[in-house]
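# Provide a 3D model corresponding to the input given below.
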Amino acid sequence: MVASGTIRRFSLTCLVALPLTVTLALFLSAHAAEQPKPVLPAEPSQTQPDVTDPNNVRPITQNDSVLSIQAGQRLMSDAINAVNSQNYPLAVKKLQDARLVFNQLSNFYQQLASSFAGIDNRVAESQRRKALETAELRDQATYQLALVHRAQNQPELAVPLLIQIVRSQNPTRELGKKAYQQLVELGFIDSPNPANAAGSQSNSSSPPK
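Numbering: from 1, shown residues only. Model (predicted):
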């Protein structure tokens, strides 16, 4: 038979060991929770296009692209607002940017027109019209920029721009006449535009250069 003293010692040992076992289990559980969980690689999004796929062709978003007629027109609108607020430095910056956008577009369209000449006349003519349209917008931005320089009493900056317009538009076209008249008012030219007296002979179909 097992002595009663032995039984009492065994029971006491169990009672002491029980809290230690519980404490150890809680400690191990907390330690495991503190361990960083492995990061699984994210699954590729089904909505994001694969930019490495040569078949994935996305058109330029006209509302967001800097290289678009809409972008140049926004710059022109910003310039008008700046002029109305008499913020001429900002107007100059916006008009310079608009000129750059329209000039680049005109050059690109003209290059495409030349590339398709004799190959596909339909495409060549379409690109030529776009080149003329953007060249016209460029000259309008240039004219507005010249007016801003004149408003700032900077004729030395306005005159070269006005001469560019006359050369691009032709003195017989409406914008060319306006630019020439500005040169007369600035005193850079002392003779009126003879095209004004010969309006019936004006070649309004001459494209901007």
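# What residue, apart from its backbone neighbours, is nearest residue 114 spatially?
Distances taken as Cβ to Cβ, 6 or more residues apart in numbering place residue 124 nearest to residue 114, at 7.7 Å, with adjacent residues excluded. For every residue, glycine as well, the C-beta is placed using N, CA and C.
# what's the helix or strand for the one you found?
helix 121-151 (DSSP states H and E).
# next SSE after that helix?
Helix 121-151 is succeeded, C-terminally, by helix 155-169 (DSSP H and E).
# Now do the buried residues in that following helix.
155, 158, 159, 161, 162, 163, 164, 165, 166, 168, 169 (16 or more other Cβ atoms under 10 Å).
# Summarise which helices and strands that helix is packed against.
Using 3 or more Cβ pairs under 8 Å, 6 or more residues apart in numbering; DSSP states H and E, the elements in contact with helix 155-169 are helix 121-151, helix 174-185.
# right, and those helices - which one's nearest residue 83?
helix 121-151 (6.5 Å; Cβ to Cβ).
# I figured residue 95 hits residue 146, correct?
No - using Cβ atoms under 8 Å as the test, residue 95 is too far from residue 146 to be in contact (9.3 Å).
# re the thing from before, and the angle for the helix holding residue 124 with helix 174-185?
Helix 121-151 and helix 174-185 meet at an angle of 20 degrees, taking axes from the mean of the first three to the mean of the last three Cα atoms, to 10 degrees as the criterion.
# so where is this protein shaky, pLDDT-wise?
Confidence mapping of the chain against pLDDT under 70 gives the ranges 1-64, 195-209.
# how does it look with 90?
1-67, 117-118, 120-121, 170-172, 190-209 (pLDDT under 90).
# Now render the helices and strands packed on helix 155-169 as JSON lines, adding distance to residue 114 and mean neighbour count.
Output for those, formatted as JSON lines (distance: least, Cβ to Cβ, whole Å; neighbours: other Cβ atoms under 10 Å):
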{"stretch": "helix 121-151", "distance to residue 114": "8", "mean neighbour count": "19"}
{"stretch": "helix 174-185", "distance to residue 114": "25", "mean neighbour count": "18"}
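# Compare the ones you listed and give me the one nearest residue 192.
Between those, helix 174-185 lies closest to residue 192; by Cβ to Cβ that is 6.4 Å.
# got the contact list for the closest one?
With Cβ atoms under 8 Å, 6 or more residues apart in numbering as the test, helix 174-185 has contacts from 136, 139-140, 143, 146-147, 150, 158-159, 162-163, 165-166, 168-171, 189-193, 195-196, 204.
# could you redo the last one with a cut-off of 7 Å?
Residues outside helix 174-185 that contact it (Cβ atoms under 7 Å, 6 or more residues apart in numbering) are 139-140, 143, 146, 159, 162, 165-166, 169-171, 189, 192-193, 195-196.
# Tell me the one among those nearest to residue 68.
Closest to residue 68, out of all of these and judged by Cβ to Cβ, is residue 140, at 16.4 Å.
# residue contacts, that closest one?
residue 175.
# rerun that using 6 Å as the cut-off
Under the criterion of Cβ atoms under 6 Å, 6 or more residues apart in numbering, residue 140 has no neighbours.
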